[in-house]
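K.L.:
what shape does this take:
(one chain, ligands or ions: 1)
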Amino acid sequence: MKKINICGIPFDNVTMSEAITLAENELQKKGASVVVTPNAEIAEMCVEDESIHQTIVSAEMILPDGAGIITAAEILGTPLKEKVAGVEFGMELIRHAEKHGYSLFFLGGKPSVAESAAEKLKVCYKNLKIAGTHDGYFTKTGAENDAVIEEINASNADILFVCLGAPTQEIWSMKNRERLTSVRLIACLGGSLDIYAGTAKRAPKIFIKLRLEWFYRLLREPKRLGRMMKIPKYLRYVKKAAKRKE
Ligand code: UDP
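P.N.:
Model prediction:
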């Protein structure tokens with residue numbers, strides 16, 4: 001399956017079901033592969049910071065999360081098949097894990113969010129194996145981090161959800177992937193555990209359809225405004241890149 005380069009980030013040009021096929025391929029390999037789901041904010045962080053860019057592009061799977069990336073691909077004349085939002089990819093991965101007997105570890109969110117997500121999911125997915133959970137508020141280096149790694153290894157999980165917010169989760173995953181003994185797939189999924197736990201809500205479908213999910217999030221969390229200014233900045237950058245291509 002082809003990758004499409006959007007201003008230096010090689011996105012997987014896949015549908016959701018193809019994304020799951022790619023994830024299954026990664027699960028068959030030795031070592032922990034990493035899935036990232038950059039949106040336009042993260043893509044702009046990559047433009048501004050080469051070390052974040054290097055972290056993102058070293059992931060085995062790069063899925064386009066957000067209308068901003070889909071718009072960027074259209075501006076560049078290389079449209080992507082569809083948006084593969086992290087939160088939806090996470091849900092599909094949960095269904096896939098239940099069907100194939102893979103166990104999951106949830107890392108991230110405020111205390112009790114990961115447990116609550118696990119409990120809620122087990123109501124709908126009776127055979128889902130949750131190997132363990134841990135909140136995301138620990139020191140990401142040193143002894144505290146070592147203890148988290150040990151806990152994940154002791155759980156023998158196959159799939160690890162890392163939900164620490166971007167770019168912390170991607171940096172953490174790349175730094176620690178080689179220390180994970182059982183995990184074969186790490187999915188960096190931002191605020192997804194909050195959605196599964198019900199502590200945060202996704203935008204209504206009409207906002208998503210109109211590519212206005214960012215606006216809904218802004219209404220609910222006005223403090224995101226500073227971060228969100230990265231979206232128009234990124235699109236201006238992409239338009240300039242498209243002009244240079246002409
Ligand atoms: N978070 C965490 N540890 C931290 C900082 C944040 O677990 O040190 C969690 C936070 O509780 C939230 C998620 O990371 O659940 C970030 O969600 P957001 O929707 O902001 O993700 P982003 O858009 O940054 O990917």
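
K.L.:
which ones are touching whichever residue of the chain sits closest to the ligand?
P.N.:
Distances between the chain and the ligand by C-beta to the nearest ligand atom are smallest at residue 136, namely 1.9 Å. For glycine as for every other residue, the C-beta is placed from the backbone atoms N, C-alpha and C. By C-beta atoms under 8 Å, 6 or more residues apart in numbering, the residues touching residue 136 are 107-110, 114, 163-165.

K.L.:
among the residues you listed, which are located in strands?
P.N.:
107-108, 163 (DSSP state E).

K.L.:
rewinding a little: now do the SS call for the residue of the chain closest to the ligand.
P.N.:
Counting by DSSP: H, G, I helix; E, B strand; the rest coil, the backbone at residue 136 sits in coil.

K.L.:
what kind of secondary structure is residue 131 in?
P.N.:
The local conformation at residue 131, judged by three-state DSSP, is strand.

K.L.:
with residue 98 instead?
P.N.:
Residue 98 - assigned by three-state DSSP - is helix.

K.L.:
the host helix or strand of residue 236 near the ligand at all?
P.N.:
Assessed by DSSP states H and E, residue 236 sits inside helix 230-245. No. Helix 230-245 lies out of reach of the ligand by C-beta under 6 Å from any ligand atom, never closer than 11.1 Å.

K.L.:
so which bits of that helix are buried?
P.N.:
Residues 230-231, 234-235, 237-238, 241-242 are the ones in helix 230-245 that count as buried (16 or more other C-beta atoms under 10 Å).

K.L.:
residue 127: which of these is nearest?
P.N.:
residue 231 (39.4 Å; C-beta to C-beta).

K.L.:
what about the closest residue to the closest one other than its chain neighbours, how many neighbours?
P.N.:
For residue 231, ignoring the flanking residues on the chain, the nearest one in space by C-beta to C-beta, 6 or more residues apart in numbering is residue 40 at 4.5 Å. Using other C-beta atoms under 10 Å, residue 40 is surrounded by 27 other residues.

K.L.:
my guess is residue 40 contacts residue 235, does it?
P.N.:
Yes. Using C-beta atoms under 8 Å, residue 40 is in contact with residue 235, at 7.0 Å.

K.L.:
output the contacting helices and strands for the helix holding residue 236.
P.N.:
Secondary-structure packing of helix 230-245 (3 or more C-beta pairs under 8 Å, 6 or more residues apart in numbering; DSSP states H and E): helix 40-48, helix 67-75.

K.L.:
touching the last one from outside, list them.
P.N.:
When contacts are defined by C-beta under 8 Å, 6+ apart, helix 67-75 is touched by residues 4, 6-7, 11, 38-41, 43, 64, 79-80, 82-83, 211-214, 231, 234-235, 238-239, 242.

K.L.:
report the buried members of the residues you listed.
P.N.:
4, 6-7, 11, 38-41, 43, 64, 80, 83, 212-214, 231, 234-235, 238, 242.

K.L.:
now stretch 228-239: how far from the chain's centre is it?
P.N.:
Centroid separation for stretch 228-239 versus its chain: 20 Å, with C-alpha atoms, centre = their mean, to the nearest Å.

K.L.:
what mean pLDDT does it have?
P.N.:
For stretch 228-239, the mean per-residue pLDDT is 95.
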